[in-house]
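K.L.:
Provide a 3D model corresponding to the input given below.
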Amino acid sequence: MVGLEINAEKTKVMRVQPFMGQPPVVTDSLQLEYVEDFRYRGAIVTSTGGASTDITRRIRSAGSAYGMLRNIWRFTSITKKVKVKVFNSNVLSVLLYGCETWRMTIGDARKLRAFHHRCLRRILKIRWFHKKSNAEVLKMANAKVIWREAETRRWRYLGHCLRCPKSIQHTSSS
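P.N.:
Numbering: from 1, shown residues only. Below is the predicted model:
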């Protein structure tokens, strides 16, 4: 009706929580391939609806970003406060990209928390024998609990969506 055409060779089909016995999707006498997951705007969407795969990939990407900044973490002339700001802007932004759409489990929150605390402890030069709790590390870095940050971003995004004009909400959901 609006002049869009589907390229049947490039098109894939994913069903959220599929069940057996569903008929195949056919277009132009070509059966479309079913997939379990796909990447959309940098995020991994799975048929189970969870975010564990995407969170694991984000942790790896953030770890890579953290590693690229290793010279900054080693500089003694840079204050710890500046290092934490660099960490927040360059590593946490990679880690939490797309977190507004994550359906986070307790296990996912633990993985995020472990990565966050490991990085902060290295930046602040806190070793295991210093016996500092995670709460003390967060206080020293003036940081929030990582899953709370993801939750805040999710609520902020939800508020943004609710403030959109109704005409935009209807076209984006179809």
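
K.L.:
hey, let's count contacts and neighbours off CA atoms from now on
P.N.:
Noted.

K.L.:
for T105, see how far away R41 is.
P.N.:
Distance of R41 to T105, given as C-alpha to C-alpha, to the nearest Å: 22 Å.

K.L.:
more crowded one of those two?
P.N.:
Ranked by neighbour count (other C-alpha atoms under 10 Å), R41 and T105 place T105 first, with 11 against 7.

K.L.:
mind listing the strands for this structure?
P.N.:
Counting by DSSP state E, the chain has strands at residues 12-13, 26-27, 30-31, 33-34, 37-40, 43-46.

K.L.:
among these, which comes closest to I59?
P.N.:
Closest approach to I59 among these (C-alpha to C-alpha): strand 43-46, 12.5 Å.

K.L.:
ok so, going back, just send the strands of the chain back as TSV, with distance to N71 and mean pLDDT too.
P.N.:
Output for the strands of the chain, formatted as TSV (distance: least, C-alpha to C-alpha, whole Å; pLDDT from 0 to 100):
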stretch	distance to N71	mean pLDDT
strand 12-13	43	82
strand 26-27	54	79
strand 30-31	52	80
strand 33-34	45	81
strand 37-40	32	76
strand 43-46	29	74
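
K.L.:
tell me where the protein has helices.
P.N.:
52-68, 70-74, 80-87, 93-95, 106-123, 134-141, 146-163, 166-173 (DSSP state H).

K.L.:
and I6, which of the ones you listed is closest to it?
P.N.:
helix 166-173 (19.0 Å).

K.L.:
pLDDT of the closest one, averaged?
P.N.:
In this model, helix 166-173 has an average pLDDT of 57.

K.L.:
okay, I78: pLDDT?
P.N.:
pLDDT for I78: 93.

K.L.:
against R122, how distant is it?
P.N.:
From I78 across to R122, the span is 14 Å (C-alpha to C-alpha).
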